[in-house]
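Asker: quick one, fold the following:
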Amino acid sequence: MGEVGIFGEYERGELIEGQLVAMSPIGSPHSAAAIVLTRILVRAVEDRALVSVQLPVRLNDRTDPEPDLTLLRPRGDDYRSALPGPADVLLLIEVAASSLEYDRGLKRALCARHGIPEFFDLDRSRVEVYRLPEPDLGR
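Answerer: Residues are numbered from 1 along each chain as shown. Purely as a prediction, here's the structure:
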């Protein structure tokens, strides 16, 4: 999107229900949380899962959110042939600062609607865990 001028060089965005949605810039606290979580997850899962950092998950042909971290089922091609879909996701994690309302509302509802079994939302003061989240939230 940056290459064709939709977003500026340092802007970020994701495809949500057919709309390009601008994402908040990543600051130091967000980066630090993602780095620490990545290290913890990689060590914890070893070869039992893949840790994906800020890469898209294809929920459908109109929705490719880019969660901060995703635990994926291992796949022989390491997802070269296609983006991971809902059935590939074991856990999705959002690190929230300025995006709390968006993450806890629309993104959580999208994940639930598409059958993602666990959604974690982290901010500076707490971790929210949603197991088998309800799809009508955020609407």
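Asker: mind listing the helices for this structure?
Answerer: Taking DSSP state H to define them, one finds helices in the chain at 28-45, 100-102, 108-113.
Asker: now mean pLDDT and mean neighbour count too, for these, in JSON lines please.
Answerer: C-beta coordinates here come from the backbone N, C-alpha and C atoms, glycine included. Output for these, formatted as JSON lines (pLDDT from 0 to 100; neighbours: other CB atoms under 10 Å):
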{"stretch": "helix 28-45", "mean pLDDT": "91", "mean neighbour count": "14"}
{"stretch": "helix 100-102", "mean pLDDT": "70", "mean neighbour count": "13"}
{"stretch": "helix 108-113", "mean pLDDT": "83", "mean neighbour count": "22"}
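Asker: got the buried residues for stretch 61-72?
Answerer: 63, 65, 66, 67, 68, 69, 70, 71, 72 (16 or more other CB atoms under 10 Å).
Asker: now do the fifth one against residue 81, distance only.
Answerer: Note on residue 68: its distance to residue 81, by CB to CB, to the nearest Å, is 24 Å.
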